[in-house]
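curious how this folds, go ahead:
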Amino acid sequence: MKPKSEKLASCAVLLAGGRGTRFWPRSRIRTPKQLLNITGRDTMLRETAERLAPLFPARNLWAVTNEEQVKEVRAQLSRVPASHILAEPVGRNTAAAIALAAFHLAHEHGDALMAVLPADSYIADAPRYMKIVRAALSLARTPGNLVVIGVPPTRPETGYGYIERGAAAGRSSGEPAFVVRRFTEKPALPLARRYVKSRAYFWNAGMFFWRVSTFLNCLKDFLPETYASLARLSAEIGTRGFDRQLSRTYPKLENISVDYAIMERATRERGQRRVLVIPANVGWSDIGSWTAVYELLARAKGENVSAGPSFTLDASGNFLWSPKKFVAAIGVHNLVVVETPDALLLCPRDRAQDVGKIVKSLEERKLRGLL
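Now for the predicted structure:
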């Protein structure tokens with residue numbers, strides 16, 4: 001590895017390997033949510049890269065995906081070096097994916113500032129968001145700091161993890177930071193209501209910032225077997241044997257999220273490491289279902305949202321995705337209708353979270369043509 005330098009490169013790692021099963025039938029194994037134009041004209045992956053461009057030029061952008069999607073990710077991020085698009089041979093959750101990228105960054109830079117970001121988040125206020133990202137990178141420059149962005153909750157959401165803030169930790173580039181007291185699981189509704197009412201909790205948006213050296217030191221302490229395996233593998237980076245060794249090593253790594261493996265354990269430490277949260281009121285959404293898409297696109301309560309030409313009569317609150325066919329809706333309310341060449345989805349908007357169950361059924365029935 002190159003010697004460490006305080007002239008640290010700022011690199012963004014996009015996690016782009018998800019399936020997006022709740023966006024079936026549009027989302028498929030090779031074209032999941034992040035590779036589709038869910039909320040705008042461009043794909044979510046390209047929108048994310050474009051949003052980050054002022055801070056992270058293409059040469060400092062990385063992505064971790066899977067073997068089914070790597071070709072399309074490389075096509076969509078055509079200005080990013082092909083060697084920066086990393087393909088997991090099997091899914092091993094976020095700790096392994098981030099660690100794989102961290103060893104590549106260490107190989108290329110020695111040490112660097114590392115932003116780990118989802119490839120499929122929606123951000124309404126991009127300028128404000130980028131100001132917070134700069135503040136997070138500045139805070140992460142201090143060795144031992146692990147920084148997470150926290151989204152102030154707007155409702156008692158049970159589908160997100162939460163971050164409890166502790167004492168104030170000063171400001172970074174004008175943005176307030178707080179010590180993280182703990183990370184909490186997806187709560188039941190009564191507890192989620194208490195979290196929101198207390199104003200001491202944030203949604204965990206899965207956006208992390210640290211020095212590569214800080215993360216790898218945490219990995220060595222908290223997941224020593226994963227660290228040792230990937231450290232041995234890193235000696236093969238850039239060689240012809242890397243892919244072969246990766247396929248042998250990766251399936252044996254611990255299958256655990258970075259939240260469990262690193263962040264939660266680090267908050268319980270009393271040492272040089274600090275876990276910090278910066279609040280970010282930026283109009284964030286993980287766009288986790290067709291209902292969330294409708295809520296983003298509807299300009300007024302009860303409006304019908306259509307991706308193509310349509311006619312509605314005594315109909316309200318419907319999401320209609322059929323860009324190439326005329327859709328007529330009469331007397332129906334709060335429906336999701338999504339049409340593709342080989343499938344048609346119909347469901348009430350309040351059941352959109354169950355769409356993933358369709359994919360599970362298709363897998364069990366081995367209907368791979370619909371996956």
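
can you tell me the helix or strand for Val337?
Secondary structure from DSSP states H and E places Val337 in strand 335-340.

chain center to that strand, what's the gap?
Going by Cα atoms, centre = their mean, to the nearest Å, the spacing between the C-alpha centre of strand 335-340 and its chain's C-alpha centre is 25 Å.

for stretch 122-129, same thing?
Chain-centre distance of stretch 122-129: 15 Å, with Cα atoms, centre = their mean.

ends of it, how far apart?
In stretch 122-129, first residue to last residue: 11 Å (Cα to Cα, to the nearest Å).

confirm that Ala261 sits in a helix.
Yes. Counting by DSSP: H, G, I helix; E, B strand; the rest coil, Ala261 falls inside a helix.

what is the burial count for it?
Number of residues near Ala261 (other Cβ atoms under 10 Å) recorded here: 22. (Each C-beta comes from the backbone N, C-alpha and C, glycine too.)

mind pulling up the pLDDT for it?
Here the pLDDT value assigned to Ala261 is 95.

got any ranges where the stretch 201-350 of the chain has weak pLDDT?
Scanning the stretch 201-350 of the chain for pLDDT under 70 picks out nothing.

what ranges do the helices span in it?
Under the criterion DSSP state H, counting those that start in this stretch, the stretch 201-350 of the chain contains helices at 212-222, 224-234, 242-249, 258, 264-267, 290-297.

who's in contact with the shortest one?
Contacts of helix 258 from elsewhere in the structure, counted by Cβ atoms under 8 Å, 6 or more residues apart in numbering, are 93-95, 98, 116, 208.

ok so, going back, and the strand holding Val337, what does it pack onto?
Strand 335-340 makes packing contacts with helix 290-297, strand 319-321, strand 327-330, strand 343-348 when contacts are defined by 3 or more Cβ pairs under 8 Å, 6 or more residues apart in numbering; DSSP states H and E.

so for Lys197, which of those sits nearest?
Of all the helices and strands packed on strand 335-340, helix 290-297 sits nearest to Lys197, with 22.4 Å by Cβ to Cβ.

show me which of the helices and strands packed on strand 335-340 has the highest average neighbour count.
Stretch with highest mean neighbour count among the helices and strands packed on strand 335-340: strand 319-321 (a mean of 23; mean count of other Cβ atoms under 10 Å).

re earlier: out of the helices of the stretch 201-350 of the chain, which one sits most buried?
Ranked by mean neighbour count, the helices of the stretch 201-350 of the chain are led by helix 258 with a mean of 24 (mean count of other Cβ under 10 Å).

could you measure from the residue lying closest to Leu296 once chain neighbours are set aside over to Phe23?
If you skip the residues right next to it in sequence, Leu296 has Thr39 as its closest partner in space, 5.7 Å away by Cβ to Cβ, 6 or more residues apart in numbering. Per Cβ to Cβ, to the nearest Å, Thr39 is found 11 Å from Phe23.

more neighbours: which of these two?
Higher neighbour count among Thr39 and Phe23: Phe23, with 28 against 16, using other Cβ under 10 Å.

residues contacting that one?
32-33, 36, 38, 289-290, 355.

try 10 Å
31-34, 36, 38, 120, 287-290, 292-293, 338, 345, 352, 355-356, 359 (Cβ atoms under 10 Å, 6 or more residues apart in numbering).

drop anything exposed from the residues you listed.
31-34, 36, 38, 120, 287-290, 292-293, 338, 345, 352, 355-356, 359 (16 or more other Cβ atoms under 10 Å).
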